[in-house]
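**Student:** Predicted model follows, preceded by the sequence.
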Amino acid sequence: MAKITFIQHNGTEQTVDGLPGMSVMETAVKNQVPGIDADCGGACACATCHVYIEPDWVEKAGARNPMEEDMLDFAFDVRDNSRLSCQIKVSDALDGLRVKVPEKQF
Amino acid sequence: MSDVITTDAVIIGAGPCGLFAVFELGLLDIRCHVVDILDRPGGQCAELYPEKPIYDIPALPVVTGAELTSRLLEQIKPFHPEFHYNHMVTAVKKLGDADFEVETDGGLKFRSKVVVIAAGGGSFQPKKPPIPGIEAYENGSVFYSVKKMDALRGKDVLIVGGGDSALDWTINLQPIARSLTLLHRRDDFRAAPDSVKKMRELAEAGKMSFKLGQVTGLKGDNGVLSAATVKGNDGASFDVACNAMLPFFGLTMKLGPVAEWGLNLHENLIPVDTEKFETSVEGIFAIGDINTYPGKLKLILSGFHEAALMAQKVFKLKNPGERLMFQYTTSSSNLQKKLGVS
Ligand SMILES: Cc1cc2nc3c(=O)[nH]c(=O)nc-3n(C[C@H](O)[C@H](O)[C@H](O)COP(=O)(O)OP(=O)(O)OC[C@H]3O[C@@H](n4cnc5c(N)ncnc54)[C@H](O)[C@@H]3O)c2cc1C
Ligand code: FES
């Protein structure tokens, strides 16, 4: 089990349990975290699961894969710490992960 | 006023379920017109995952979204459905008698016996970037699609994005715009290499400019844009003077006009019965991802089943009092004739 914290644009935080093997997006949807739309259900085909990884976690969360990098073209306000949460697998190494949800996915 | 197209059934949505509905209705001699806001068939399979494999279509151990679509088109060919792409159905009205009137935003009008809503997750619509204040400029200076190229003649055009739409419109509008800037967040594109090459040639020749960055704000008066504020990839902000902006950030599914057709809705889905898949209005059916009933699964195979049962009721509406004989395509010479195989 890995604790994952989602921080909304207005600062409210929600910490939920992530199961290893699931994606961060699935973890958010399962726990009804607002702001993760995930229109395509995790196929890396919609860019509506965009999150910002908190600075301390950027390295651990890993690099974007090429498909994700392409798909980020369809996200708004992409920053260096932008990721598509459907492309991040939960693992014990990510216990404590903190991510910010953009104000609006689109 | 445009001519009214008269037909048995109007199918709203050319996703897999709308396509298979043509087959099931066709076997019962029900003629169909199919309308979709996209420029091609396939719905989510075509738009969201054409290259991805689907593993749960019965008897097809693996098939991609694009293959499934082309196989369905092949299967329904004998019934000669008529497709109307790039049209969004905006209105569905019951006429005094048993018929329906269906209208699209492109000015098409249908008169039909029944309407089959196979609208999936809703109509695919362009994503609108949440730039503060953008609404004020929509349709005057900010456009999410190009309906008439001439409207952009002589304008200072800013195109935002790095996909095929952004590149295609850059190339198409460059000759008629007064100035054209393409803005993208990186120096890499997810578009046809040929278009990218053409764009780079135009930029090198000084006929347009290509800039790296993202729009953060808009400047203008009374809905008329004068500049876009851009954050460059080095973090510094600059303005791009423009009086027309075209953001291309892909498509998203929005329920759209379905909510305005007087049907009962439940959480943006259309409740139906599980015998006929009919909505709260007799003669309007809903199949595929757009409907809901106890136990509903948003699977393609469920939508196929729904299409078959829906067609039975449509037959009864079209042929009151006539008994429908149950037949197999394997053994019925009548069905085989319709399929063009006997
Ligand atoms: C990434 C991904 C993977 C999937 N994998 C599978 C899988 O393995 N197996 C499976 O069974 N299912 C899968 N699905 C689900 C499957 O794609 C859907 O169940 C299926 O597409 C639903 O078909 P549909 O015809 O009901 O609607 P859609 O495919 O959503 O098509 C609806 C069409 O209607 C059009 N439309 C809507 N409103 C209007 C309007 N007012 N006017 C004009 N046109 C309109 C839309 O533009 C759209 O083209 C997957 C979905 C996704 C996103
Ligand atoms: S859920 Fe669609 S890209 Fe992540």
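**Tutor:** That came in fine, so what should we check first? Ligands and ions are numbered 1, 2, ... in the order given.
**Student:** So what touches stretch B:161-177?
**Tutor:** A:73-74, B:146, B:149-150, B:152-157, B:159-160, B:180, B:182, B:184-186, B:188-192, B:195-196, B:198-199, B:202, B:207-208, B:244, B:246-250 (C-beta atoms under 8 Å, 6 or more residues apart in numbering or on different chains). C-beta here means a position set from N, CA and C on the backbone, and glycine is covered the same way.
**Student:** Whichever of the residues you listed end up buried, select them in ChimeraX.
**Tutor:** In ChimeraX, a selection of the buried entries from the contacts of stretch B:161-177 looks like this (16 or more other C-beta atoms under 10 Å in any protein chain shown):
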select /A:73,74 /B:146,152,155,156,157,159,160,180,182,184,185,189,190,191,195,196,198,199,202,208,244,246,247,248,249,250
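**Student:** State the phi and psi torsions of the residue nearest to the spatial centre of chain A.
**Tutor:** Chain A has residue A:85 as the residue nearest its centroid, 2.9 Å off, counting by C-alpha atoms, centre = their mean. Dihedral pair for residue A:85: phi -70, psi -20, per degrees, to the nearest 10.
**Student:** now residue B:13
**Tutor:** Per degrees, to the nearest 10, the backbone of residue B:13 is at phi 110, psi 120.
**Student:** can you check residue B:169 too?
**Tutor:** phi -70, psi -30.
**Student:** Count the residues that sit near it.
**Tutor:** Residues near residue B:169, counting by other C-beta atoms under 10 Å in any protein chain shown, number 23.
**Student:** Just the C-alpha atoms of stretch A:72-91, please, in CSV.
**Tutor:** Output of stretch A:72-91 as CSV, limited to C-alpha atoms (Å, rounded to 0.1, in the frame of the first residue of the first chain):
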residue,chain,number,x,y,z
LEU,A,72,0.8,16.3,-23.1
ASP,A,73,0.5,18.6,-26.2
PHE,A,74,-3.2,18.3,-25.6
ALA,A,75,-3.0,19.4,-21.9
PHE,A,76,-3.1,23.0,-20.7
ASP,A,77,-0.4,24.8,-18.8
VAL,A,78,2.2,22.0,-19.1
ARG,A,79,5.2,22.5,-16.8
ASP,A,80,8.4,20.6,-16.1
ASN,A,81,6.7,18.6,-13.4
SER,A,82,3.7,17.7,-15.5
ARG,A,83,2.7,14.1,-15.9
LEU,A,84,-0.3,12.1,-17.1
SER,A,85,-1.4,10.3,-14.0
CYS,A,86,-2.6,7.2,-15.9
GLN,A,87,1.0,6.7,-16.9
ILE,A,88,2.4,6.5,-13.4
LYS,A,89,2.2,3.1,-11.7
VAL,A,90,1.7,3.0,-8.0
SER,A,91,4.5,1.2,-6.1
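**Student:** Low-confidence ranges, the stretch 101-250 of chain B, go.
**Tutor:** Along the stretch 101-250 of chain B, segments meeting pLDDT under 70 are nowhere present.
**Student:** Could I get the full set of helices for it?
**Tutor:** Remark: helices assigned in the stretch 101-250 of chain B by DSSP state H, counting those that start in this stretch are B:164-173, B:193-204.
**Student:** which of those helices is buried the deepest?
**Tutor:** When the helices of the stretch 101-250 of chain B are scored by mean count of other C-beta atoms under 10 Å in any protein chain shown, the highest mean neighbour count falls to helix B:164-173 (a mean of 21).
**Student:** picking that back up, need the helices of the stretch 101-250 of chain B in CSV (columns: distance to ligand 2).
**Tutor:** Below are those laid out as CSV (distance: least, C-beta to the nearest ligand atom, whole Å):
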stretch, distance to ligand 2
helix B:164-173, 18
helix B:193-204, 23
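**Student:** How about residue A:42: what's its closest non-neighbour residue?
**Tutor:** residue A:86 (3.9 Å; C-beta to C-beta, 6 or more residues apart in numbering or on different chains).
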